[in-house]
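A.B. asks: Quick one, structure for this:
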Amino acid sequence: VHDEQFKVLGYVSLKYFVYEDMAVGNLHSNLVYTPEGTDVHTVDASLDYNDTPVALMRGSYSTQTPEGYLDTNLKLAEVPLSLISPFVPDKLMGFSGYMTGDLTVKGPTDKLVFDGKVVTTDVHVLSEPYSLDLRLANDTAYIENSRIKFDHYKIYGAGDTPLDFDGYFDFANFDNMYMSLSLYGYGFKLIEAKRSKKAVLFGDIYGDIMFRVNGSMTDLSIRGAINILSKTNMTYVMTETPLSQGDRLEDIVEFVDFNAPPDTVTVKPQAMGIDMRVALRVEEGAKFNCEFSADRQSYIMLRSGGQVTMTYTPEGVLSVIGRITVVEGEMKYTLPIIPLRTFVITPGSYIDFNGDVTNPVLNIAATERMKAYVSSEGASARSVIFDVGVKITNSLSDMGLLFTIDAPQDPAVKEELSGYTDEDKNKLAVAMMATGMYLSATNTSSTASNGALNSFLQSEINALTGKTLGSVVDISVGIDNTTYSNGETGTDYSF
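C.D. replies: Residues are numbered from 1 along each chain as shown. Sure thing, here's the model as predicted:
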């Protein structure tokens, strides 16, 4: 009988470890494997971070029974959670603080039992782009018989009112883990942040949050409600917009001939057994801003209210029902040949969700107040105020776009416009935004432009509409000088 014992020693060391241009630090791990007879194997392992011990594991595995038996202990000594940050994709999120704990794993390998505790100290979940700083309370989560319990665990945002996280997660059966968890908080302040160079989201966001999750991973019930409070005032900075990246609209909207046979067969994703119902309510007065340019001259500002409810069935059907209504709003944008203008969004404009989240019904109108000289033959020119704008209607997949023009304070011009068709008013509205002139046939103040100017306007407007609306609405513009039968000259517009 040969009873000579042996050991296997090993170590791994990483010096000045960097991942995705982020410094991780120095990592060092030791491993000792010792067989004790023919049925028992012991392993001792440790992990050091920047020359400080942070984790120690000691355990044994026995093959004296057919299913095998594991007896392991893991001790965590102030593991820095900053270790995780470099491995988060796109560096959208980071972690700070420490985690300590003691965990034992015992039992047959087909029915392991976990016991122990995990303690969090000064733990923060951070996101610089989204101005997020969530702080976890210095508390302990206990694990008993493979069930981790959260006893009214507190999560703080930018204010003093926390979210309350309560319940348990049972992983005794890895094939059918079960949970009963709740998350709620009233007047919770998610962020409070000033503008910074790296932030795409800043401002103040307040909300009431209520969630309840029950069931197994294959039969899960989720119920929740989020109420965005009226004192919310947030700004989102878009680094790219459809108008500055017109060629990329092809990746967003694609029209298909449904009479043609499909190229591929769509495979419906397998249902996950999730039954979810979440209501989102926006209190009137909540302010949402979106900036389209680095100089902040192009933007949209909305005060809105409403409620939508999102449901997801166990069969995998997603549905959104509800309406968001604009209380007041403003949009400012500059486009080729059209100078920087401020459009006021008409109160009562809305977005209706009737089930398909990708195809809401739009009813949005926006106008800008402009002035132009108007005169008829034999009369002196006068300054007239016009409301020029755009109206978007119908569903997103069948969107209707109409340019609008009105003269609310001049009865004569208003009556004249009422006699025009929608197509004629389209022409007048686009021409006024492009030239600043009221180019109707009866307005002698709008002298016919020369051929070079007409050619320039035509090419520029067509280039503009091709970039901004070409993937949604088919628009072309023609501008021509015309001599009428009575000998008078004018300018015709074709759309």
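
A.B. asks: What segments of the stretch 351-495 of the chain are helices?
C.D. replies: With DSSP state H, counting those that start in this stretch applied, the stretch 351-495 of the chain shows helices at 411-418, 422-435, 451-468, listed in chain order.

A.B. asks: Quick check: which element contains the most centrally placed residue in the chain?
C.D. replies: Centroid-nearest residue in the chain, with CA atoms, centre = their mean: residue 236, separated by 9.8 Å. Residue 236 is part of strand 233-237 when elements are defined by DSSP states H and E.

A.B. asks: Quick check: buried residues in that strand?
C.D. replies: Residues of strand 233-237 classed as buried by neighbour count (16 or more other CB atoms under 10 Å): 233, 234, 235, 237. (C-beta placed from N, C-alpha, C; glycine too.)

A.B. asks: Out of those residues, which comes closest to residue 14?
C.D. replies: residue 237 (37.2 Å; CB to CB).

A.B. asks: could you list every residue that touches that closest one?
C.D. replies: Residues counted as contacts of residue 237 (CB atoms under 8 Å, 6 or more residues apart in numbering) are 199, 200, 201, 290, 291.

A.B. asks: Likewise for residue 198?
C.D. replies: Taking CB under 8 Å, 6+ apart as the criterion, residue 198 is in contact with 128, 129.

A.B. asks: Do me a favour and get the backbone dihedrals for it.
C.D. replies: phi -100, psi -10 (degrees, to the nearest 10).

A.B. asks: Adjust the sequence numbering to begin at 8 for everything that follows.
C.D. replies: Sure thing, new numbering starts at 8, so read that last one as residue 205.

A.B. asks: mind checking pLDDT for it?
C.D. replies: What the model reports as pLDDT for residue 205 is 88.

A.B. asks: Identify the bridge partners of residue 35.
C.D. replies: The partner list for residue 35 in beta bridges (DSSP bridges) reads residue 20, residue 55.

A.B. asks: Roughly how far does it sit from residue 426?
C.D. replies: The gap separating residue 35 from residue 426 is 85 Å, by CB to CB, to the nearest Å.

A.B. asks: More neighbours: which of these two?
C.D. replies: With neighbours defined as other CB atoms under 10 Å, residue 35 and residue 426 compare such that residue 35 has more, 16 against 7.

A.B. asks: Is it correct that the more buried one is in contact with residue 18?
C.D. replies: Yes: when contacts are counted by CB atoms under 8 Å, residue 35 is listed as touching residue 18 (6.9 Å).

A.B. asks: need the least confident one among the helices of the stretch 358-502 of the chain, by mean pLDDT.
C.D. replies: In terms of average pLDDT, helix 458-475 trails the rest of these, at a mean of 51.

A.B. asks: among the contacts of residue 244, which two are most distant?
C.D. replies: Between any two of the contacts of residue 244, the greatest separation by CB to CB is 13.8 Å, found for 206 and 297.

A.B. asks: Looking only at neighbour counts, state which of the two leads.
C.D. replies: When neighbours are counted by other CB under 10 Å, residue 206 comes out ahead of the other of residue 206 and residue 297, with 20 against 16.

A.B. asks: Pass me the low-pLDDT residue ranges in the protein, would you?
C.D. replies: Per-residue confidence for the chain (pLDDT under 70) gives these ranges: 8-12, 247-279, 341-346, 384-385, 451-502.

A.B. asks: any common contacting residues for residue 35 and residue 18?
C.D. replies: Applying CB under 8 Å, 6+ apart, one finds that no residue jointly contacts residue 35 and residue 18.

A.B. asks: pretty sure residue 77 is in contact with residue 64, am I right?
C.D. replies: No: between residue 77 and residue 64 there is no contact under CB under 8 Å: 11.9 Å.

A.B. asks: picking up where we left off before, my guess is the residue nearest to the centre of the chain contacts residue 294. True?
C.D. replies: No: here residue 243 does not reach residue 294: they are 11.8 Å apart, not a contact under CB under 8 Å.

A.B. asks: Show me which residues of the helix or strand hosting residue 340 are buried.
C.D. replies: Secondary-structure element containing residue 340, defined by DSSP H and E: strand 325-342. Within strand 325-342, the residues that count as buried by 16+ other CB under 10 Å are 327, 329, 330, 331, 332, 333, 334, 336, 338, 339, 340, 342.

A.B. asks: Kindly report the same for stretch 290-305.
C.D. replies: Judged by neighbour count using 16+ other CB under 10 Å, the buried positions of stretch 290-305 are 290, 293, 294, 295, 296, 297, 298, 299, 300, 305.

A.B. asks: quick one: which of the contacts of residue 244 sit in helices?
C.D. replies: Within the contacts of residue 244, no residue falls in helices by DSSP state H.

A.B. asks: how far away is the closest residue in space to residue 112 that isn't next to it in sequence from residue 228?
C.D. replies: The shortest distance from residue 112 to any non-neighbouring residue, by CB to CB, 6 or more residues apart in numbering, is to residue 79 (4.6 Å). As judged by CB to CB, residue 79 and residue 228 stand 34 Å apart.
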